[in-house]
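Enquirer: Return atomic coordinates for the entry below.
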Amino acid sequence: MPARNALSMAPPHAVLLALTRLGEDLRTARLRRNLTIDEVAAKIGSGRRAVADAERGKATTSMAVYAALLWSYDLLGGIEHLADPSRDQEGMILSRSKQRSRARSSQGLSNDF
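Expert: From the prediction side, this is the model:
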């Protein structure tokens, strides 16, 4: 029996809240479109359980299922910017502070003796 992932068993509270909210939003989007779980599952090529788990915000549901559901409701726009390095202010600051400086200049050797 494979070992269980600690993250899926007890994700950080902020992650749990975000997944729960995303699941609720996906369910609302499905209901507003008057679609059943089976119809959506068929559209994304998944099983009904995967859709139901995503709507419950389960941490074990794959990112592909969440992305496919967003796609099926035409809500996928913007997902490509979720971890955009150009928007990661903290990461850019940390990267700059850890950059190596050159030990010597790149001007070459001098012939002055």
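Enquirer: Grab the nearest non-local neighbour of R33.
Expert: Counting by CB to CB, 6 or more residues apart in numbering, Y73 is the residue found nearest to R33 once chain neighbours are left out, at 6.7 Å. Every residue, glycine included, has its C-beta placed from N, CA and C.
Enquirer: what's the worst-scoring helix or strand of the chain on mean pLDDT packed up against?
Expert: Ranked by mean pLDDT, DSSP states H and E, the helix or strand of the chain with the weakest confidence is helix 6-9, at a mean of 71. The helices and strands touching helix 6-9, judged by 3 or more CB pairs under 8 Å, 6 or more residues apart in numbering; DSSP states H and E, number zero.
Enquirer: Give me the distance from that helix to the chain's centre.
Expert: Computed by CA atoms, centre = their mean, to the nearest Å, the chain-centroid distance of helix 6-9 equals 16 Å.
Enquirer: Stretch 17-36 too?
Expert: How far stretch 17-36 lies from its chain's middle: 17 Å, per CA atoms, centre = their mean.
Enquirer: if I pick the spatially closest residue to R21 that is not a sequence neighbour, what's in contact with it?
Expert: Closest residue to R21 apart from its sequence neighbours, by CB to CB, 6+ apart: G57 at 7.3 Å. Taking CB atoms under 8 Å, 6 or more residues apart in numbering as the criterion, G57 is in contact with 16, 19-24.
Enquirer: follow-up on the earlier one: for the residue nearest to R33, grab the count of nearby residues.
Expert: Y73 has 18 neighbouring residues, counting by other CB atoms under 10 Å.
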